[in-house]
Structures are given as C-alpha cells and as structure tokens.
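Q: Need the 3D shape of this:
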Amino acid sequence: MSKTVVVALGGNAILQSKQEGTYENQLNNVKTSCKFLAKLVTEGYKLVITHGNGPQVGNILRQNEEAEEVVPPMPMDVLNGESQGFIGYMMVQSLLNELKRLGHETSVVNLLTRVQVSKDDEDFKDPSKPIGAFYSEEEAKALADERNWNMKEDANRGWRRVVPSPKPIKILEAQAIKDLTEAGHIVVCCGGGGIPVIRKEDGTYEGIEAVIDKDRSGYKLAEEVNADIFMILTDVDNVFINFGKPDQKSLEKLTVKELESYMNAGHFSKGSMGPKVESALNFAKRASSTSIICSLEKVDKALRGESGTIISENMTGGKQHTGGIRLHA
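A: Alright, predicted model coming up:
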C-alpha cells in the first residue's frame, strides 16, 4: 500500500528572506517547490501538503496597518485565512501544471483549515512566532518604538516581529483531509498552521488573534490523518547542534531518545528550529512512524534515507536496524 506523507513546507520557501514580496517572486518559488514535491507523487506516495505563511501574513498585517485609515483592518485569524487562499491557489495550480508536464494525471485541492487552540496558552503572554521581514537590530528597535511591535532575534539571521503562537489542540477538518487523501487526491491544507479558533462553552467556535506554528500543526495533522511519514522541509540539509558555531555538527539518523537529549540540552532556538525538532520528535514517538527534517531540494533522497535528519524508534547507534524503517512508498 502507498505510504501517506505529510509535508510541511516553510513560508520562506514561498518568499525567501531579502526577496521582495511580489506575486511573481512567490509564484516562481512555489513552482520550484512543486517540481520537488511532484517527485513524491510520481514515486507513489499519498501526499498531504501544509505550508508556512510567516513572511506572507506579516506583509498582509503590515498592509492592514498602513491602510487602516482607508480600509478597515481585519483580525489576524482572517489574515491567516487570506494567506491560505492565495498560497493554496499558487500551490494547486503549480503542482497540477508540473504533474501534467510529467504525464501524471491526478487532482489537487486546497482546503481552508481551522485549528483549535486554547485562549489560555502561555504564548499569548510571551509571543514567540516570527512573522514578516528580517530587520537589523537598529531597525527592529525603531519599529518596536514606532509601532509597538514585539521584536526578537531569529536564530542569528536578523530581527523579526513576533506574535502569539498557541499550540494546536485539534485539526477541525482532519476527517475531510483524510477522506480526500484516501480517495487519491493531493490535499493542500492547514496553511500557515491553520486558522486559530477557540471552542466556546456552547460548543461553537470563534477566531482568535494569533499565528500557529506550521510545524506543530503539521505534526498534529500527520497524527490525525494517520500518516506514515512526517517531513519538515527547510532551508538546510540537516538539523545541527551548536548551529552557527565553529563546532557545529549535523545530525543524520537518530533515535527519539538521542534527539530528546539534544533538545533538553537547549540546542534548538524557540522561535526557529525548536518547534521543528519538537514536532518531528512527537510524531516519531508514535509506533511505526518516521519524521524527517531536510531541505526541499533533497526531499526524494531523504525518503530513500540518503539525506536529512531522520528520526525513528527503529534506529540504534545512529544507524538503521536491519529490516528497520522503510521509507519507500
């Protein structure tokens, strides 16, 4: 039977740092991403795609603030829905075009997805989710004073605005996503971590101002659709310890316990690699499940066990057990 892979694609794969946020730039990046994702489909995997929206929702939020005297601003949950729509449109069209070029006929759908969170989540008190553009420290301090933004350094890459990022509790459209996947459709969903909503006492839902981390939602999505493999695609080939330091070291194949020890030692920053490692770790704890963190360009190699950081209980001493994890479709 074909394996189901949930792929979490970073928002910076759609708009890279220092790139101008034009439609053309983002579409070209999505087209490139879809060339690699299409390989997974032609190799027989069932594919569920989720994506980040940090740069995009940050830009939309800024548009709202700049134009608030002319056009009434919308809350962050609505802006997340907006970014799900336009990124999903680009991904559906680009992936369909790439599959057609490869002679592979299938359907791709984008599903607007809500994710339940708690209004009491600690991140509402101490926001941690980076969104929008990168700034120098001087620019960041000026924006913090001028606009009352929360600004934090993002993994030695520069300063960014941060907003609340509550942990996902439940993917509300999970059953529909699972049904569509099992019927043979490729599903783009849970974009930007999903639209954050809270459940009220009467059982109804309402939106809340936040941006959910897409890797945490990706893990929850992979769990709820009963995926075999959870892949987090980023801009580096592997997870590193001592990242950016002279003694940095890449991690390749390791057990849950090994990765857990590195995480407990504080190797992964809260706003960047931390949620990726935490999410990969949580999924790999499930029976017969494998998590992979790798670069987009090597997604097919990672599924063959030839690249990336691969986490599974079927590892020992940094190597696979004989007859251990199988990554093919």
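Q: Just the local confidence number for the spatially closest residue to Lys31 that is not a sequence neighbour, please.
A: Excluding the flanking residues, the one nearest Lys31 by CB to CB, 6 or more residues apart in numbering is Ser94, at 4.7 Å. (C-beta placed from N, C-alpha, C; glycine too.) For Ser94, the model assigns a pLDDT of 97.
Q: pretty sure Ser94 contacts Cys34?
A: Yes - with contact defined as CB atoms under 8 Å, Ser94 counts as touching Cys34 (4.3 Å).
Q: which SS class is Ile293?
A: Put simply, Ile293 is strand when judged by DSSP: H, G, I helix; E, B strand; the rest coil.
Q: And it, what's its pLDDT?
A: 95.
Q: In this protein, where is pLDDT below threshold?
A: For the chain, the stretches with pLDDT under 70 are 1, 11-12, 155, 271, 315-329.
Q: residue ranges for the helices of it, please.
A: Under the criterion DSSP state H, the chain contains helices at 23-42, 54-66, 76-101, 137-147, 174-182, 214-224, 256-264, 273-284, 299-303.
Q: and the shortest one, how far out from the chain's middle?
A: In terms of CA atoms, centre = their mean, to the nearest Å, the centre of helix 299-303 is set 17 Å apart from its chain centre.
Q: Extract the CA atoms of it and return them as PDB.
A: In PDB, the C-alpha atoms belonging to helix 299-303 read as follows (Å, rounded to 0.1, in the frame of the first residue of the first chain):
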ATOM      1  CA  VAL A 299      13.200  15.600  -0.400                       C
ATOM      2  CA  ASP A 300      13.400  12.400  -2.600                       C
ATOM      3  CA  LYS A 301      16.900  11.500  -1.300                       C
ATOM      4  CA  ALA A 302      15.600  11.900   2.300                       C
ATOM      5  CA  LEU A 303      12.800   9.500   1.700                       C
END
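Q: Next, the buried residues of that helix.
A: 299-300, 302-303 (16 or more other CB atoms under 10 Å).
Q: and the residues you listed as JSON lines, adding distance to Pro72?
A: JSON lines is the format used below for the buried residues of helix 299-303 (distance: CB to CB, whole Å):
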{"residue": "Val299", "distance to Pro72": "41"}
{"residue": "Asp300", "distance to Pro72": "46"}
{"residue": "Ala302", "distance to Pro72": "45"}
{"residue": "Leu303", "distance to Pro72": "46"}
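Q: before we move on, back to that, deepest of the helices of the chain, which one?
A: Mean neighbour count (mean count of other CB atoms under 10 Å) peaks for helix 214-224 among those, with a mean of 26.
Q: angle of it against helix 54-66?
A: 120 degrees (axes from the mean of the first three to the mean of the last three CA atoms, to 10 degrees).
Q: just checking, what packs against helix 214-224?
A: strand 4-9, strand 46-51, strand 170-171, helix 174-182, strand 229-234, helix 273-284 (3 or more CB pairs under 8 Å, 6 or more residues apart in numbering; DSSP states H and E).
Q: and the angle from that helix to strand 229-234?
A: 170 degrees.
Q: looking at it, Lys285 is touching Glu313, isn't it?
A: Yes - Lys285 is in contact with Glu313 according to CB under 8 Å; the separation is 7.5 Å.
Q: Quickly list what's touching both of those two.
A: Val256 (CB atoms under 8 Å, 6 or more residues apart in numbering).
Q: OK, contacts around Val187?
A: 47-49, 108-111, 177, 180-181.
Q: Just the buried subset of those, please.
A: 47-49, 108, 110-111, 177, 180-181.
Q: Let's have these in TSV, adding distance to Gly88.
A: TSV is the format used below for the buried ones among the contacts of Val187 (distance: CB to CB, whole Å):
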residue	distance to Gly88
Leu47	14
Val48	13
Ile49	9
Val108	10
Asn110	3
Leu111	8
Ile177	13
Leu180	14
Thr181	16
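Q: ok, of these, which one's closest to Ile14?
A: Ile49 (11.8 Å; CB to CB).
Q: Tell me how far the closest one lies from Ala183.
A: To Ala183, Ile49 is 16 Å away according to CB to CB, to the nearest Å.
Q: same question, Tyr89
A: Distance of Tyr89 to Ala183, computed by CB to CB: 22 Å.
Q: for the helices of the chain, which one sits closest to Thr204?
A: Among the helices of the chain, helix 76-101 sits nearest to Thr204 (CB to CB), with 14.7 Å.
Q: Looking at the helices and strands packed on helix 214-224, which is nearest to Pro130?
A: helix 273-284 (10.7 Å).
Q: quick one: the closest one to chain centroid distance?
A: With CA atoms, centre = their mean, you get 11 Å for helix 273-284.
Q: Ok, stretch 100-115 next?
A: For stretch 100-115, the distance to the chain centre is 17 Å (CA atoms, centre = their mean).
Q: Determine how far the last residue of it lies from the first.
A: Stretch 100-115 has an end-to-end distance of 32 Å (criterion: CA to CA, to the nearest Å).
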